[in-house]
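Asks: 3D, please:
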Amino acid sequence: MARRYVTSDGKTETVRDNVADPDPESDRRWSRFAVDHNHVHEKLVDYAKALQKQSDSDHSRNRARERIYEGSELLNNRQAIVSLESAGVGIAKLNASKSIIDTFVSRLSKDRPMPNFNVDDGDWQLKRKAKKYRQFIVGQMLETEFDDLSREALLDGGILGNGYTRVDSDDDVFAERIPVNEILYDKRECRYGKPRQAIKVCRVARDYLAELYPKQADEIRVAPPSARRPDDDGTMIGDLEDYVDTYEGWDLPCTPESGDGRHALVLENVTLVFEEWHEPRFPWAHLRLFKPRVGLHGNGFIDQLAPLQHRVNCIVRDLQLNIAATGRGFFAVNEANDIPVELLTGWQPFKLKFKGSQPPTWNAPQAFNPAQLDALRFFIQQMFDLSGVSQAAATSKSSLGAGASGVALDTQYDIDSDRFRMPQANYARYRLDAAQRYIDAAARAARRRQENKGKKRSYVAVSWKNRDAIERLEYSKVELKEGQYCLQIEAVNFLPDTRAGKLAVVEQLAKAGVIEQWLVPTLFDEPDLVQANGILLAAFKNAMRKMDELADPDLPMPIPEHMNDLDLELKLVTAYYNRVQEEKAPPEVQDRYYQYEALVREMIKMKNAPAALPDGSASPQGPMQPQVPMAPAEGPLPGGVPPMPNGPVPAPAMIGAPAAPAPM
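Replies: Take a look at the predicted model:
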C-alpha cells in the first residue's frame, strides 16, 4: 500500500505505508529493530559504507595534515623529491609546525584538571557518597592511564583539530585512543554539533575476533577481508586476508526512559552484538581544540600553519639547491693539460676547458640573496606569532634572560598562557567529559556483572589520602544517580616547574614563617616542595584522616595519642562536629565526633598533668607521659566520656561534664 502527495515544487512523491508493506523492514533504519534482531548487519554495513564514501575527502585531508606534522612530502611533490634524492640531493627540512605543536602540547598537558562532584544541595549521606564516588572515578582514571591518553588526544587536536579517547567496558573499564578517521558521522546530523548517531570502523585480526565471539567463529572466518582505505599508509605489504572490518554503531536514546537507544557490532555477514544503549552519550570524550562556528569537527594548528609551512619549505629548498650548485668546485683546465674529472676534489666538481695561455676570469657566484634569508626568518616568526606559541619556549630559552627571578618566570608563563585560554578551556571540558564516560562505563560493567548473578563486582583499588593507604571501593556502594550531582572542574594548584621558581617559593614561604628554618637548607640542593609539604603537614593530614574515619560508622573509632598534635585535633574535631550537625548527619556519626572530642581533652589533660612523686609532691621533670586511652566499648558514659575497659577511671571533673546534646 502506498500514498502519494505533491511537494511544494510540484513534484509527486510516493510514500509506502509500512503497515501494509509486504516487507516492512525494507525501509527501517538499523537502530529501529528490536534487540533480538540478528540481521542488523544488512542495514548497518551499507549505511557505514555510504558514510565512508562521503568522508573520504575529509580522511585524505587528515592524512595530509599528519604528513605535514611528520615533515613528509605530500603526494604531488613526492616524485620530484625521490628524483632529487636519487641524484644525491637530499632535501633539507625546517618543520616549524611540528615545533609549535609539540611546544603547545608540552605546556598545556602539564595541567591535569580532575572532576569534582558538586552536591552542595544534598544531604549528609549524599555528600559522603559523592566523596567516595570521586575517589572511585579518579582511581579508574589513574588505573587506565588516562593522563597519557589525554596527551595523545591533545596532540591529535593540535594536528587534526580533533582527538578521541574511548572509555568503555567489557568485564571492566578500559580506555584507549581512537584514530580520528575511524569515527563516522552523518553530516546531516552534525550541523548543530550534537549528532545522535555514530559508527566506528576498525580493522581487527580475524583470529582474535573469532576468539572473542566463539559462537560466530564460522561466520567470522568466511567474512570478506578488510578493504584498503584512502588513509592507509602506502608502505603496507601483502594482502589483508587475515583482517576483517568491524562496524560498531551507536544510536542515542531520545529520552532516558524511551528505551530506543541501540548499540551494534557487526561484520558484513554477521551480527555479533545488538543491544540496548542506555546512556545519552557516545562512549568517548571528544576534544576539539578550536571549536567551529557551525558543525562538529574542530580545527588545529596545521590548518593555520600549512600555507606558511609550504612557503618555508620552498625557501629552504631554494637555499639548499643554490648552496649545492654554487658551493661545489669549479676548475678551469687548459686543453693542453687536461685532467680527468675523477681527479678533481669536491662534491660533483665542474671542469671548464679553455684554450690559450690565459685562463678566463672567474667570479664566484653568491650562494643566495640575503633578502631570501630574511624572508625565511619572517615567515617562521609569523608562524609562531599567529599560533601564539613563544619561539623562546620552543627553543627552551627565556626571553627574560639568564638572571631572571622565579617570580618573573612565573609571570611570563602566565602572560604566554593567556593566548590559550580558549583551547585550555576546551581541554578541561574534554577531561570533564571523559570523567562522565568513566561513570557510564562503570555503570555498564556493574550492570553486566549484575546480569551474571554477581559473579564479579565492579571495584577499584585507589590510593586513599596517601600512597600507603589503599582502599577498595565498590561501584554499587558509591554510585550516584544522574541528576544527584553536577560535574565540575576541580581547582588545580600551581607550583613552578623551574628550579629558580621553586627556590623563589621556598624563600617566600621561609620569610612568611610557613617553612621552618631548619628545613630551608635541605631544599637548596633539590627544592622538592612536595616532600617539604609532606613533612610540614604530616600532623594535619593525620588529623584529617581521623576526621574522615569518624564520619564512617563502619570503621573502628580512632584513638588520640600523645605523639599527635592534640591542640590541632581538638580544633578540627570541634569544627567537624558542628559541620556534621549542620548537615544533619545520623546521630551515631555525631556521637562519634563528640566522644572523640572528649578523648582528646582527656589526653591533653593527662599530657599536661605533672608526674606525682612517691611523697605526693609534683615531679620537677615536667608532665608525665600519658597512657593511650582505650576505644569506647559500649558507648559514652554520662557526660559523653567513653568507658575505658581495664583503664583508669575518668577524672571526677569529666564525670560531671554536661551530657552530649541531642543531634539535630
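
Asks: now do the contacts for residue 303.
Replies: 65, 161 (CB atoms under 8 Å, 6 or more residues apart in numbering). All C-beta spots, glycine's among them, are computed from the backbone N, C-alpha and C.

Asks: does it belong to a helix or a strand, and which?
Replies: Per DSSP states H and E: residue 303 is located in helix 301-326.

Asks: just residue 380 next, same as before
Replies: Counting by DSSP H and E, residue 380 is part of helix 370-387.

Asks: now the angle from that helix to helix 301-326?
Replies: With axes from the mean of the first three to the mean of the last three CA atoms, to 10 degrees applied, the angle from helix 370-387 to helix 301-326 works out at 170 degrees.

Asks: so what touches helix 370-387?
Replies: By CB under 8 Å, 6+ apart, helix 370-387 touches 94, 96-97, 100, 104, 301, 304-305, 308-309, 311-312, 315-316, 318-319, 390-391, 394.

Asks: picking up where we left off before, next SSE after the helix holding residue 303?
Replies: Later in the chain than helix 301-326, the nearest helix or strand by DSSP H and E is strand 330-334.

Asks: which other helices and strands does that next one contact?
Replies: When contacts are defined as 3 or more CB pairs under 8 Å, 6 or more residues apart in numbering; DSSP states H and E, strand 330-334 packs onto strand 350-354.

Asks: where does the prediction get shaky in the stretch 351-500 of the chain?
Replies: 396-417, 450-500 (pLDDT under 70).

Asks: how about the helices in it?
Replies: 370-387, 391-394, 406-417, 421-451, 475-478, 499-511 (DSSP state H, counting those that start in this stretch).

Asks: three-state assignment of residue 275?
Replies: Following DSSP: H, G, I helix; E, B strand; the rest coil, the label given to residue 275 is strand.

Asks: circling back: can you give me the buried ones in the helix holding residue 303?
Replies: Across helix 301-326, burial judged by 16 or more other CB atoms under 10 Å covers 301-305, 308-309, 311-313, 315-317, 319-320, 322.

Asks: ok, stretch 585-599 next?
Replies: 585, 589-599.

Asks: now do stretch 598-609
Replies: Those would be 598-604, 606, for stretch 598-609 by 16+ other CB under 10 Å.

Asks: can I get it in PDB? Just the C-alpha atoms.
Replies: The C-alpha trace of stretch 598-609 is given here as PDB (Å, rounded to 0.1, in the frame of the first residue of the first chain):
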ATOM      1  CA  ALA A 598      36.200  14.000  75.000                       C
ATOM      2  CA  LEU A 599      39.100  11.700  74.400                       C
ATOM      3  CA  VAL A 600      41.300  14.500  73.000                       C
ATOM      4  CA  ARG A 601      40.500  16.700  76.000                       C
ATOM      5  CA  GLU A 602      41.300  13.900  78.400                       C
ATOM      6  CA  MET A 603      44.600  13.200  76.600                       C
ATOM      7  CA  ILE A 604      45.600  16.900  76.700                       C
ATOM      8  CA  LYS A 605      44.800  16.900  80.500                       C
ATOM      9  CA  MET A 606      46.900  13.800  81.100                       C
ATOM     10  CA  LYS A 607      49.800  15.100  78.900                       C
ATOM     11  CA  ASN A 608      49.900  18.400  80.800                       C
ATOM     12  CA  ALA A 609      49.500  16.900  84.300                       C
END
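
Asks: wait, residue 445 touches residue 171, no?
Replies: Yes - Residue 445 lies in contact with residue 171 (CB atoms under 8 Å); the separation is 7.0 Å.

Asks: quick one, which of those two is more surrounded?
Replies: Each of residue 445 and residue 171 has its neighbours counted (other CB atoms under 10 Å); residue 445 has more, 23 against 11.

Asks: and the more buried one, how far from residue 424?
Replies: Residue 445 sits 32 Å away from residue 424, going by CB to CB, to the nearest Å.

Asks: try residue 148
Replies: 19 Å.

Asks: farthest pair in the buried residues of helix 301-326?
Replies: The widest separation within those, taken as CB to CB, falls between 303 and 322 and amounts to 31.2 Å.

Asks: returning to that earlier point: neighbour-wise, which of residue 148 and residue 424 wins?
Replies: Higher neighbour count among residue 148 and residue 424: residue 424, with 16 against 12, using other CB under 10 Å.

Asks: excluding chain neighbours, what is closest to the more buried one?
Replies: Residue nearest to residue 424 in three dimensions, not counting chain neighbours: residue 108, with 6.2 Å by CB to CB, 6 or more residues apart in numbering.

Asks: do you know the pLDDT at the one you found?
Replies: Confidence at residue 108, expressed as pLDDT, is 85.

Asks: let me see the ranges of the helices in the stretch 51-200 of the chain.
Replies: Taking DSSP H, counting those that start in this stretch to define them, one finds helices in the stretch 51-200 of the chain at 75-86, 96-108, 124-143, 146-160.

Asks: in a markdown table: the ones you listed, plus distance to residue 191.
Replies: Conversion of those to a markdown table gives the following (distance: least, CB to CB, whole Å):
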| stretch | distance to residue 191 |
| --- | --- |
| helix 75-86 | 32 |
| helix 96-108 | 29 |
| helix 124-143 | 33 |
| helix 146-160 | 21 |
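
Asks: surely the residue nearest to residue 424 meets residue 157?
Replies: No - using CB under 8 Å as the test, residue 108 is too far from residue 157 to be in contact (9.6 Å).

Asks: can you get me a residue count around residue 99?
Replies: Neighbours of residue 99 using other CB under 10 Å come to 18.

Asks: pull out the buried positions in stretch 99-113.
Replies: The neighbour-count check on stretch 99-113 (16+ other CB under 10 Å) flags 99-105, 107-109, 113 as buried.

Asks: which residues does it contact?
Replies: Stretch 99-113 is contacted by residues 69, 147, 150-151, 154-155, 158-159, 300-302, 305, 383-384, 387, 389-390, 393-394, 416-417, 420, 423-424, 427-428, 431-432, 489-490, 492, 497 when judged by CB under 8 Å, 6+ apart.

Asks: give me every residue that touches residue 281.
Replies: Contacts of residue 281 by CB under 8 Å, 6+ apart are 252, 433, 436-437, 440.

Asks: at 10 Å what do you get?
Replies: Contacts of residue 281 were listed using CB atoms under 10 Å, 6 or more residues apart in numbering, and they are 250, 252, 433, 436-437, 439-440.

Asks: cool, residue 211 as well?
Replies: By CB under 10 Å, 6+ apart, residue 211 lies in contact with 205, 217, 220.

Asks: quick one: the closest residue to residue 267 other than its chain neighbours and residue 388, what's the gap?
Replies: In space, and not counting its chain neighbours, residue 267 is closest to residue 223: 4.6 Å by CB to CB, 6+ apart. Distance, residue 223 to residue 388, using CB to CB: 48 Å.

Asks: circling back: which one of the helices of the stretch 51-200 of the chain lies nearest to residue 35?
Replies: Counting by CB to CB, residue 35 lies closest to helix 124-143 out of these; the figure is 27.6 Å.
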